[in-house]
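**Student:** Sequence first, then the predicted structure:
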Amino acid sequence: MKQIAEAFARNTVFANILLVIIFLAGLGAACLMIREDFPSMTLDTVTVNLAWDGAAPEDTEEGISRKVEDAIDAVEGIDTYTTTSTEGSSATVITVKYGYDTEKVYDRVKNEIDQISTFPDEAENPVVNIPTVTFPVMTLGVTGAMGEKALKEWADTIEDELKRMPEISQVSVNGTRDYQVTVELSEESLRKYGLTLSDVATVIANSSMNLSGGKVKTSGEEFSVRTVGKRYSGEELADIVVVAGTGGESITLGQLATVKDDFEQDKLSIRANGTPVALVVVSKTEQEDAITIADKVMRYVEKKNQTLPPGARLSILSDNTTEIRTNIGILQKNGLMGLALVFVVLWLFLDTRLAFWAGMGIPISLAGGLAILWLTGYTINTVSLFGLIMVLGIVADDAIVVGEAVYVQRKKGAPPLAAAVNGLMEVGMPVLAAVATTVLAFVPLMHVSGTMGKVIVCLAVAVIACLLISLVECLILLPAHLSNLPDPNRQIRSRFRLLRAVEAFHARSVASMERVAETVYRPVLVTVLTHRYLAVCVAVAIALATVGLFRGGILKYNMFPERDGFELAAQLTFPEGTPYRVTQAAVERIEAGILSLAEKTDTASGAPLVDHMLTVTGQAVNDHMGAMGSAGANLGGVQVALLNASERGIHTRNLCLAWEQEVGNIPGVEKLTYTSGGGGPPGGDIEIALEGDNLAALTEASAEVMERLREIDGVFRIESDSAPGKNEIRFTLKPEARNLGITVKDLANQAFAAYFGKEAVKIQRGNDEVDVKVTYTEEERSTLESLKDLMVSTPDGTMVPVKAVANMEIRPGYSAITRTDNRRQVTVSADVNSTKLVAGEVLEELGSGFFRELEKKWDVEVRLKGNAEKDKEAFGSLALWYPLAVLSIYMIVAAMFRSYIQPLIILLTVPFGLIGAALGHVILGLNLSLFSVFGMVALSGVVVNDAIVLIDRINGNMKEGMPMMEAIVSGGVRRFRSVMLTSVTTVGGLLPLILETDPAAATMVPMGVSLAAGVTFATVLTLLLVPALMVVIHDGRRALAPVIKDGPQDCRADESAWTGSDT
């Protein structure tokens, strides 16, 4: 082994070539890696969607959703499935079990769905797919003095032009209605000519088609025969002859009906900053770079505005890469500051050349880590960059230990090459063990289940990659670069006064570490060893006090820190059936609220609070600018793009609350939610799912849960997804109908055609598929009287009024019916004011008895969703992998020291490191979060490193014949410099990020605090408590010696057991 180390130490050329290769690989990876905010992730879901126009939620549930559930219930690989039945559609979301291949589960699901033959005839074919994960990059707005059709045409043109760019693949147009040709007929016209809506639809379908007529082969040529009669516009459709008279007169569709070639019947209004707008949303896939796309779109917008007609403009309403650039910039800035701080610390307390090469281990490790990240398919994002920052000080640890050992060898007079080799051989095994234990501590983070696992895995990979490269650097490259280290005992004075002053300062700072070790640390250590039992009691008391902080509610746990976003959204829902004008008035009130708030709010920079604003009536809005949901006259909202967080100086959480207070209560609203697009995993603070078979019982139980939540101060925006739907007009056939041969299907089809519209044909116009629908006139569709006067055709063509053959009643319906794993489900959600309490406290209060009573009372099952469910997933996997990691660390240390007891002493630094992490959160006023826990898991491998190096030196002293007390004190003083430097560099690398005031860094700060505070606390314990515990256990062995063996044991003989293989 020594010969191999000497061969590498001699070959500086190989070391330099390898160093250059690593640097170039890292530089190339940095240029090629995709940049994004949070890591891309697959959803591990399969969806099944079916459309059934006009069907009520209850009919959709019975006719589609339950059949889908029965088909997929036994499919292998499915974790859970949820079906949502709404008016006109059924959607099923299937979650794949952890460890199963989503593609294979998709194939099984599709095979089962394809075998269902009992779906309603009117339903469209089922669509089974794996959702494509796209991430919005930019939202563009087309505005100008033009109509809705012109806006849509320009938006479609821009969509096509953007899609032709090789860097962009995902572009969609939002905020416009689909084209539709509506043929409106009055009941009077139909009666006059003895027609039904279905008759007219059939005529249109038969008169608007292109059909192939085969081929004609002549002796000289082959011809294709086609009959061409496709109609592509409302004008062309109006010329279709519907009624042909015997005398040659004919009635065309245009004479019989009003043909409207326009948009869908549902009203929709979208305005950007008060002006009608068509939205173009540019997104990215996992394999595309957000910043590259944004730069390309910016240049396109600048050029496109030069070609638009006068008064028209293409604007950037939202740019999500602003946040990405800000977050990456913050992390890069803090990373460079941390790197500089680590270099300064190394220079202060080590030889200049030694400090340089020990510090060079940091950029070398980062470059190699980036190359490995790129090769394994990861991206540059907030989490991976934080991993690189986290590892800044850690990767220098092994180089510090090796370099300090070489420095001591050189100071003792060893030749340069021998000093490099002997120093490496002295600490090589402890360094290898230390890196291995740190790697093992990060392994559990690679196996966290659920959404958070997909976020944190790239951090673990980044850290492990850098650690492995750092091991190569310190075992192969560093000895070669230190093989010609100058003699530290030789004094060389510079000719320049300034340099002499710097050299003198450096010499004093280097000597100060040894002086502190001798004059401060040695007497303190001796005192602690003398009063070792008191020291152990103090440590235990601190541990108990820390547990008391948590149990007493002083230290709280909140899964995900509130991240300051750059967007706000107000999502408005009225009961189904609410008129459009009512929704519009409410949206205008919400808009006025944010404008009033913006006028009252003074930002930190003095710039306007609101950059852009979208107001939407007739369609649901989502959290992000330009993202829309389902359409409906009862839906609307306002989306706001804000000034960035650093210039704004006001958290979006406070803006949301202020906006809500500014608007006040709106009468008749079913749901009004104010949200901030602060990122993070989906899911609310509190989500309580109630499952059962009786929908009425679920509704009553959910009302009781909401009432209980309202009693808890700090819980707000309490909502249930069990909202009533629009009122239903229900027909039931009279006996007379059967006598006339009218069936339920006959009545349903004719009512559907009259009020929803009978689809006659689909027309393909460019990229748009246009429906042609035949229906009653708008005036007749909007009154109940017309429904009572509806004429129904009998099988023989006789027209009878509907009231003669059917009873009519009005009953409330459901807006949506949700089922999970074959049971109906109602979910209650709420937000929590984190300044007053956290979600865990609320759920703990409810779980103490309220949930059990609720389940018994209403025969329902309570299941926690949202953040509580993600917590359970994450902690469930950590409960398996963390003990395995600790056990593996024990095995490595036990094998190295050939001892059973010493590894236990070393592992005692882990719980005390966790105590330090908790105290760090208390001192900084932070709540514990899931990222804090991840930091504590990683801490477990870091805090043991110093103890390994320390005990290795103590064992070496004892092997050389020193008495135990002297060996411990001498070993502590000898390793004081390396222990302090490794801890200071680890904390120093994280310190700039921990002190970062920009709100964008708030998510990652708790993880940095866990690591830095834990290392700080564990360093004190390593230098003081670990030696005390060694002596305490030694005392115990001496006390038990007469019992275990025949006769008393000499202290020196007992000491030898510490370095033997039987401890």
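**Tutor:** Structure's in. What do you need?

**Student:** Now stretch 627-643: buried residues?
**Tutor:** By neighbour count, and taking 16 or more other C-beta atoms under 10 Å as the criterion, the buried residues in stretch 627-643 are 627-628, 632-643. Using the backbone N, CA and C atoms, a C-beta is placed for each residue, glycine as well.

**Student:** Ok, stretch 469-479 next?
**Tutor:** By 16+ other C-beta under 10 Å, the buried positions in stretch 469-479 come out as I469, S470, L471, V472, E473, C474, L475, I476, L477, L478, P479.

**Student:** Need these in CSV (columns: distance to E670).
**Tutor:** Converted to CSV, those look like this (distance: C-beta to C-beta, whole Å):
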residue, distance to E670
I469, 57
S470, 58
L471, 60
V472, 62
E473, 62
C474, 64
L475, 66
I476, 67
L477, 66
L478, 67
P479, 72
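
**Student:** Is G141 in a helix, a strand, or coil?
**Tutor:** Three-state assignment for G141 (DSSP: H, G, I helix; E, B strand; the rest coil): strand.

**Student:** Report the beta-bridge partners for it.
**Tutor:** Using DSSP bridges, the beta-bridge partners of G141 come out as L279, S315.

**Student:** sorry, back to before: which two of the buried residues of stretch 627-643 have the greatest separation?
**Tutor:** Of all pairs drawn from those, the one with the largest separation by C-beta to C-beta is A633 and L643; the distance is 33.4 Å.

**Student:** Among the buried residues of stretch 469-479, which ones are in strands?
**Tutor:** Members of the buried residues of stretch 469-479 lying in strands (criterion: DSSP state E): none.

**Student:** how about these in JSON lines, adding pLDDT and distance to E167?
**Tutor:** Supplementary listing: the buried residues of stretch 469-479 in JSON lines, determined by pLDDT from 0 to 100; distance: C-beta to C-beta, whole Å:
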{"residue": "I469", "pLDDT": "93", "distance to E167": "32"}
{"residue": "S470", "pLDDT": "90", "distance to E167": "36"}
{"residue": "L471", "pLDDT": "89", "distance to E167": "38"}
{"residue": "V472", "pLDDT": "89", "distance to E167": "36"}
{"residue": "E473", "pLDDT": "88", "distance to E167": "37"}
{"residue": "C474", "pLDDT": "86", "distance to E167": "41"}
{"residue": "L475", "pLDDT": "87", "distance to E167": "43"}
{"residue": "I476", "pLDDT": "87", "distance to E167": "41"}
{"residue": "L477", "pLDDT": "88", "distance to E167": "39"}
{"residue": "L478", "pLDDT": "86", "distance to E167": "42"}
{"residue": "P479", "pLDDT": "87", "distance to E167": "46"}
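
**Student:** what's the single longest strand in this structure?
**Tutor:** strand 628-642.

**Student:** What is the next helix or strand after that strand packed up against?
**Tutor:** The first helix or strand that comes after strand 628-642 along the chain, using DSSP states H and E, is helix 645-648. Judged by 3 or more C-beta pairs under 8 Å, 6 or more residues apart in numbering; DSSP states H and E, helix 645-648 has no packing partners among the helices and strands.

**Student:** what does helix 645-648 contact?
**Tutor:** Counting by C-beta atoms under 8 Å, 6 or more residues apart in numbering, the neighbours of helix 645-648 from elsewhere in the structure are 326, 564-566, 603-605, 607, 609, 642, 651-652, 998-1000.
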